[in-house]
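Undergrad: here are the coordinates; sequence isn't available:
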Ligand code: NAI
């Protein structure tokens, strides 16, 4: 099959391309994020391979269907950028990479937590400038603290195991607790209850209509003043303005995020020396109690190889007409 890769970066050429070519597929790349103009590049392709910021609404999906594109391969776990109902209506199947490496994301959430708590990023900057003072670098022991997890799917479970290893009490909220998530040492409760009781909060739910701004001004009134909130799920799961207000009012201790609700035009681009054109993002990244990374939680060698395997697997199932674990819509 001929697959066009949108938002292609050098690592996609290095890892994804050889895997697809070895499986007998033809592959083209564009570095551009999918938009109205470059949608036409998909003409003549059987499938397109998209990433988290390639937005596919009903109109774009219909244009793809008109060009006889039959399959979307989303090289990510999250699929909130694709209107799945519209894909079904347009007769386009959608497959994603459901479980390429939950460890990659959970471990990055822990990296953010440790950096935010012990101010590692600030210490590094200071030491570069010859400042070896400890002022402002005070953190707390994770051992003996309470970690609240929102979403106990694959990534949430990995994060829970790591927190248990640190000697934390682990609380969790999930409206549809997966069977394998009922693990020893994890106590389930309501969102408000875990929010109120936790020193550490980590978000691992998908972005859905029900989770958009799940973390809002009301919920933030329940936080412990020193609590650290980690977000490696999706930016729009939190109301960023409400987070900044809570930090300013001393209702939250710190926020570390790998994602941002309007990341589409900034993340994965080199904007150094340019105006970001987003006052909210500027406020966020300049806040002394905030740490932002550029949607890199998935970015490990193992995860990239896992994503490539998932794409090859879905193409094989597509060709064979068999159901694959990666498909989120039924084959039309
Ligand atoms: P998963 O599907 O295994 O687990 C998601 C869990 O969230 C499920 O147990 C589900 O019941 C739960 N959930 C649904 N609605 C909820 C709500 N309202 N409140 C609390 N929990 C809720 O997904 P997985 O693989 O653990 O990934 C989670 C999310 O992480 C993805 O949807 C994606 O948005 C994000 N992600 C971020 C990456 C990054 O690089 N920053 C990479 C991979 C995933």
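TA: Ah, there it is. Keep in mind that what you see is a predicted model, and the values were worked out from it rather than measured.
Undergrad: What parts of the stretch 151-300 of the chain come near the ligand?
TA: Residues of the stretch 151-300 of the chain found near the ligand (CB under 6 Å from any ligand atom) are 151-156, 173-176, 178, 204-208, 210-211, 232-234, 258-259, 295, 297-298. Using the backbone N, CA and C atoms, a C-beta is placed for each residue, glycine as well.
Undergrad: For residue 48, the count of nearby residues, please.
TA: Each residue near residue 48 was counted by other CB atoms under 10 Å, and the total is 27.
Undergrad: who touches stretch 155-163?
TA: Stretch 155-163 has contacts (CB atoms under 8 Å, 6 or more residues apart in numbering) with 77, 102-103, 105-107, 109-110, 142, 147, 149-150, 152, 170, 172, 174, 178, 180-181, 183, 185-186, 200, 202, 204-205, 232.
Undergrad: what is the mean pLDDT for it?
TA: Averaged across stretch 155-163, the pLDDT comes to 98.
Undergrad: Likewise for stretch 126-136?
TA: Stretch 126-136 carries an average pLDDT of 98.
Undergrad: can you pull the buried residues of stretch 99-112?
TA: Applying a neighbour-count criterion of 16 or more other CB atoms under 10 Å, the buried positions in stretch 99-112 are 100-112.
Undergrad: and the closest residue to the ligand within the stretch 101-250 of the chain, what does it touch?
TA: For the stretch 101-250 of the chain and the ligand, the shortest gap (CB to the nearest ligand atom) falls at residue 153, measuring 1.6 Å. By CB under 8 Å, 6+ apart, the contact set of residue 153 is 102, 174, 178, 181, 204, 205, 206.
Undergrad: Could you turn the buried ones of those into a PyMOL selection?
TA: Filtering the contacts of residue 153 down to the buried ones (16+ other CB under 10 Å) takes a single PyMOL command:
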select buried, resi 102+174+181+204+205
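Undergrad: Can you tell me the centre-most residue of this structure?
TA: Compute the mean C-alpha point of the chain, and by CA atoms, centre = their mean the closest residue is residue 233, 4.2 Å away.
Undergrad: Roughly how far does that one sit from residue 112?
TA: 12 Å (CB to CB, to the nearest Å).
Undergrad: what's the overlap in contacts for those two?
TA: By CB under 8 Å, 6+ apart, no residue touches both residue 233 and residue 112.
Undergrad: ok, and the closest non-adjacent residue to residue 143?
TA: residue 167 (3.9 Å; CB to CB, 6 or more residues apart in numbering).
Undergrad: So the one you found sits against residue 142, correct?
TA: Yes. Between residue 167 and residue 142 there is a contact under CB atoms under 8 Å: 7.2 Å.
Undergrad: Neighbour count for the two, which is higher?
TA: Using other CB under 10 Å as the criterion, residue 167 and residue 142 rank with residue 142 on top: 21 against 11.
Undergrad: The more buried one against residue 200, yeah?
TA: Yes. Shown here, residue 142 and residue 200 form a contact pair, counting by CB under 8 Å, at 7.2 Å.
Undergrad: where along the chain do the strands fall?
TA: 2-5, 26-29, 47-50, 71-74, 93-95, 146-150, 169-173, 186-188, 200-203, 228-231, 254-257, 290-292 (DSSP state E).
Undergrad: follow-up on the earlier one: anything in contact with each of residue 142 and residue 200?
TA: With CB under 8 Å, 6+ apart as the test, residue 142 and residue 200 both reach 113, 163, 168.
Undergrad: now the first one, nearest residue through space, not along the chain?
TA: When you say that, I think you mean residue 113. Residue 113's closest residue in space is residue 230 (CB to CB, 6+ apart), at 5.3 Å.
Undergrad: show me the contacts for the one you found.
TA: With the criterion set at CB under 8 Å, 6+ apart, residue 230 makes contact with 109, 112, 113, 116, 200, 201, 202, 203, 255, 256, 257.
Undergrad: Quick one: buried ones out of those?
TA: Among the contacts of residue 230, those classed as buried by neighbour count (16+ other CB under 10 Å) are 109, 112, 113, 116, 200, 201, 202, 203, 255, 256, 257.
Undergrad: For residue 126, the count of nearby residues, please.
TA: 17.
Undergrad: check contacts around it.
TA: By CB under 8 Å, 6+ apart, the neighbours of residue 126 are 132, 133.
Undergrad: now it: how far from residue 120?
TA: According to CB to CB, residue 126 and residue 120 sit 11 Å apart.
Undergrad: Also residue 299?
TA: Residue 299 sits at a distance of 19 Å from residue 120 (criterion: CB to CB).
Undergrad: Equivalent analysis for residue 321, please.
TA: According to CB to CB, residue 321 and residue 120 sit 51 Å apart.
Undergrad: Could you check which of those two has the larger neighbour count?
TA: A count of neighbours by other CB under 10 Å puts residue 120 above the other of residue 321 and residue 120, at 15 against 7.
Undergrad: What distance do you get for the closest residue to the more buried one other than its chain neighbours to residue 301?
TA: Excluding its sequence neighbours, the residue lying closest to residue 120 (CB to CB, 6+ apart) is residue 114, at 6.8 Å. Distance of residue 114 to residue 301, given as CB to CB: 21 Å.
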